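predicted coordinates and the sequence they were generated for:
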Amino acid sequence: MVKKAPTPAQLRVRETFKIACAFLAPLNGLIKKGFAEQAKRKRSLPFGQALSHTLRIAIRHEAEGPVVDPALVLLSDGSIAPANMPILKREIDRIIVTHTVTSDNLYPLDDQIVLCAYQVEKGYAFINEKVWRRYDGQVILHLPAGFEADSFHVYLLFCDRKGKKYSRSRYLGYSTK
């Protein structure tokens, strides 16, 4: 049987898929947790849910080829409430995010905060090791030595105290030193 050469449309789809997978790969551990609730409900895999969203929403087709828009990528999607008015601040060796804590008891104040700093070009991501809670009103991510000069895409998400349910992740911007 003779194998046909792929069409230009097929090549474009393959390239888009490859770029989306490469963008999400360093974040796989966080994506497994963040999309677990949705994946269980839809009977699929968490990475598949994140990849599907990225392919549908976060890909821009430019003259040089497809590009992932980090602001449109989701690392988690769930039923927990997101942060109110987060503010991103960068210091030399840390990233600090503050948010408004409401006193009206609409949100469980013991939800955990996860801050993710992602360096796309070098293919690594950091998340906070210390457990921060919603009632703290802030989260601090200490950057390891040697990485202070790097710039990061920063994402914020919440999870319940058991780490089973997550909020929809929020892109906070591109943080430079």
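Received the coordinates, thanks. Numbering: from 1, shown residues only.

alpha carbons only for contacts and neighbour counts from here, please
Will do.

list the residues that contact Val68.
Ile19, Ala20, Phe23, Thr54, Ala58, Ile59, Arg60 (C-alpha atoms under 8 Å, 6 or more residues apart in numbering).

in a helix, the first one, correct?
In this case it means Ile19. Yes: checked against DSSP: H, G, I helix; E, B strand; the rest coil, Ile19 lies within a helix.

quick one: Phe17 and Tyr174, what's the gap?
Distance from Phe17 to Tyr174, counting by C-alpha to C-alpha, to the nearest Å: 24 Å.

return the residues in contact with Leu157.
With C-alpha under 8 Å, 6+ apart, Leu157 has these contacts: Ser76, Pro82, Ala83, Ile113, Val114, Leu115, Tyr166, Ser167, Arg168, Ser169, Arg170.

helix or strand: which one has the fourth one?
Same thing as Ile113. Assigned by DSSP states H and E, Ile113 belongs to strand 112-119.

in the chain, where is pLDDT below threshold?
Counting by pLDDT under 70, the chain shows low-confidence ranges at 103-107.

any idea how far the residue nearest in space to the middle of it lies from Tyr118?
Taking C-alpha atoms, centre = their mean, the centroid of the chain lies closest to Leu75, which sits 3.3 Å from it. With distances taken as C-alpha to C-alpha, Leu75 is found 11 Å from Tyr118.
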